[in-house]
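In: Sequence first, then the predicted structure:
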Amino acid sequence: MTRGSSLYVEDLCMSFGQGPQEHRVLDGLTLRVEPGESVCIVGPSGAGKTTLLRCLAGLSRPTGGRVRYGDQALTEPHADIAVVSQDYRGSLLPWLRVWDNVAFPLQGRGVRKAVRKARALECLEAVGLPDVGDKYPWQLSGGMQQRVAIARGLAYDAPVLLMDEPFGSVDAQSRFDLEDLTLQLRRQLGITVVVVTHDIDEAVYLGDRVVVLGGKPTAVLDNLTIPLGPDRDQLTTRADPRFAELRTRVLALIRGEKVPTRPTRPSRPTRPEAAHQ
């Protein structure tokens, strides 16, 4: 069962500076994210992906157009929207125990300490860390710290989770595990997930749609539906010929090259063991 409302980006523009020094980053950008959907945003460096995510989070006000959550204009942070950043080391407080880091956002809501701790431990179990609540962040691996950051977003009980390059600082195996965790939590909790990433394979693997940004100033180049179904795994899904075709299309758009015109074809699932042959 999905939760929350739709996110709307309507003719969004964002400029920095004034007069001759004005630099327009986003220009007339429009998109919509439905409740329960997973949308990945990709584009070249400097395309304004993080700027767009900050507008979606209500952390930045656009210079033109608007962002809405349901019927509400987003001009400041919203209780229904949680953000997970790439810099988990900077976002976790080293002097607080893990459970207290997870529960920290609930203090502003006036939630009692016992309830905060119970909620934090519940969310740590949801991300596969049931026994680390009394440890400190510096006692955990990078992948575990990022799971703690995700647990904090869940503890906030937000129907919308925005993630900015969330797995870019962890090793490859941890990245795969965290991608699968994101898909699992999205299915179990019915939350909306929006991920900014430089990793094209990750975008195709995680997304129901991939929004490709590009140009100067930046606009939407493509809003690509990913027809890989809800049940995905690292071996079978990535071995699917459709996965390679979708990845190639996204890469061509980002590089400004000719996009392959061959339509994505249905295919039979590839057996996991085939990936090792």
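Out: Good, I have the coordinates.
In: contacting residues around residue 194?
Out: 7, 33, 38-41, 53, 56, 160-163 (Cβ atoms under 8 Å, 6 or more residues apart in numbering). In this view, the C-beta of every residue, glycine as well, is placed from N, C-alpha and C.
In: what's the answer for residue 22, then?
Out: Applying Cβ under 8 Å, 6+ apart, the residues near residue 22 are 15-16.
In: circling back: will you turn the contacts of residue 194 into a markdown table that also has neighbour count?
Out: Listed next are the contacts of residue 194 as a markdown table, based on neighbours: other Cβ atoms under 10 Å:
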| residue | neighbour count |
| --- | --- |
| 7 | 24 |
| 33 | 25 |
| 38 | 22 |
| 39 | 23 |
| 40 | 26 |
| 41 | 27 |
| 53 | 21 |
| 56 | 26 |
| 160 | 24 |
| 161 | 25 |
| 162 | 26 |
| 163 | 24 |
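In: Between those residues, which sits nearest residue 219?
Out: Nearest to residue 219, judged by Cβ to Cβ, of the contacts of residue 194 is residue 41 at 12.8 Å.
In: ok, so what distance separates the closest one from residue 60?
Out: According to Cβ to Cβ, to the nearest Å, residue 41 stands 15 Å off from residue 60.
In: And for residue 215?
Out: For residue 215, the distance to residue 60 - Cβ to Cβ - is 20 Å.
In: And residue 250, by the same measure?
Out: When distance is defined by Cβ to Cβ, residue 250 is 26 Å away from residue 60.
In: what about these two, which has more around it?
Out: Ranked by neighbour count (other Cβ atoms under 10 Å), residue 250 and residue 60 place residue 250 first, with 25 against 17.
In: give the contact list for the more buried one.
Out: By Cβ under 8 Å, 6+ apart, the neighbours of residue 250 are 42, 200, 203-204, 210, 212, 222, 224.
In: low-confidence ranges in this protein?
Out: Across the chain, the ranges flagged by pLDDT under 70 are 1, 19-21, 88-89, 261-277.
In: how about the strands in it?
Out: 7-16, 23-33, 38-42, 64-69, 72-73, 81-84, 160-164, 192-196, 209-214, 219-225 (DSSP state E).
In: of the ones you listed, which approaches residue 104 most closely?
Out: strand 81-84 (12.2 Å).
In: Output the contacting helices and strands for the closest one.
Out: Under the contact criterion of 3 or more Cβ pairs under 8 Å, 6 or more residues apart in numbering; DSSP states H and E, strand 81-84 touches helix 142-155, strand 160-164.
In: that older thread, turn the contacts of residue 250 into TSV, including distance to residue 234 and neighbour count.
Out: Converted to TSV, the contacts of residue 250 look like this (distance: Cβ to Cβ, whole Å; neighbours: other Cβ atoms under 10 Å):
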residue	distance to residue 234	neighbour count
42	19	28
200	15	20
203	15	25
204	12	27
210	18	26
212	23	23
222	25	18
224	21	20
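In: For residue 159, which non-adjacent residue is spatially closest?
Out: Leaving aside its sequence neighbours, residue 159 sits nearest to residue 4 (Cβ to Cβ, 6 or more residues apart in numbering; 2.9 Å).
In: Just the CA atoms of stretch 38-58, as CSV, please.
Out: C-alpha atoms of stretch 38-58 as CSV (Å, rounded to 0.1, in the frame of the first residue of the first chain):
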residue,chain,number,x,y,z
SER,A,38,11.0,4.8,-7.6
VAL,A,39,12.5,7.5,-9.8
CYS,A,40,16.3,7.9,-10.5
ILE,A,41,17.8,11.1,-11.8
VAL,A,42,20.9,11.0,-13.9
GLY,A,43,23.0,13.5,-15.9
PRO,A,44,26.5,14.8,-16.4
SER,A,45,28.4,16.5,-13.6
GLY,A,46,27.2,20.0,-13.1
ALA,A,47,23.7,19.3,-14.6
GLY,A,48,22.0,20.4,-11.4
LYS,A,49,20.9,17.0,-10.1
THR,A,50,21.5,17.9,-6.5
THR,A,51,20.0,21.3,-7.0
LEU,A,52,16.8,19.6,-8.2
LEU,A,53,16.8,17.3,-5.2
ARG,A,54,17.2,20.2,-2.8
CYS,A,55,14.2,21.9,-4.4
LEU,A,56,12.3,18.6,-4.0
ALA,A,57,13.3,18.6,-0.3
GLY,A,58,12.2,22.2,0.2
